[in-house]
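Peer 1: Sharing a model that was predicted from the sequence below.
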Amino acid sequence: MSAAAAPAPLVLRPAVAGDAETMAALEPAAFPHPWSLAQLASELGGAPSLGLVAHDAVGALAGYVLFRRILDEAELLRLAVRPEYQRLGLATALVARGLAELRAGGCAVAFLEVRADNAAAIRFYERTGWEAAGRRPRYYPDGADALLYRRALGDR
């Protein structure tokens with residue numbers, strides 16, 4: 001996509017329960033095993049969750065990130081970006097803001113699982129400071145392994 005065709009600037013804001021429906025609509029395009037509307041709504045309604053959404057100028061969802069916090073640790077649960085906003089820095093912005101908020105709230109470390117066959121996501125996470133921390137065999141419903149990644153939330 002050329003710079004002239006780049007989408008308009010986006011607004012990042014905290015996710016609320018009312019965002020679950022638009023997030024659920026993006027799930028099938030982003031994940032081979034999408035979460036349901038009920039799963040997303042339940043997660044957004046929970047106190048230990050931190051969700052951020054990005055909207056374009058007309059209010060359409062461009063992407064989101066969802067973390068769950070437990071004590072001083074967090075887990076990145078979901079990260080999805082509409083195809084037309086991919087490779088423009090939105091995923092980086094969503095994750096960076098989420099990690100900054102978690103760090104400010106006292107979290108020391110974050111974890112995530114990513115499909116072992118998702119090369120693009122693995123490159124993204126490694127490029128943005130996540131470190132390999134293990135493997136979960138047959139983690140996904142289709143039998144695919146998950147790679148476990150860790151990121152310290154110190155002075156980054």
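Peer 2: Perfect, thanks for sending it.
Peer 1: Quick check: phi and psi at residue 44.
Peer 2: With angles defined as degrees, to the nearest 10, residue 44 sits at phi -70, psi -30.
Peer 1: tell me the pLDDT at it?
Peer 2: Note for residue 44: predicted pLDDT of 93.
Peer 1: Run a quick neighbour tally on it.
Peer 2: 20 (other Cβ atoms under 10 Å). In short, each C-beta sits where N, CA and C put it, glycine included.
Peer 1: Same question for residue 127.
Peer 2: Around residue 127 there are 9 residues (other Cβ under 10 Å).
Peer 1: Ok, residue 83 next?
Peer 2: Around residue 83 there are 9 residues (other Cβ under 10 Å).
Peer 1: same deal with residue 152?
Peer 2: Neighbours of residue 152 using other Cβ under 10 Å come to 13.
Peer 1: do the same with residue 18
Peer 2: 9.
Peer 1: Quick check: phi and psi at it.
Peer 2: For residue 18, the backbone dihedrals are phi -70, psi -10 (criterion: degrees, to the nearest 10).
Peer 1: which outside residues touch stretch 38-51?
Peer 2: 14-17, 19-20, 23-24, 27, 35, 64-70, 74, 77-78, 98, 101-102 (Cβ atoms under 8 Å, 6 or more residues apart in numbering).
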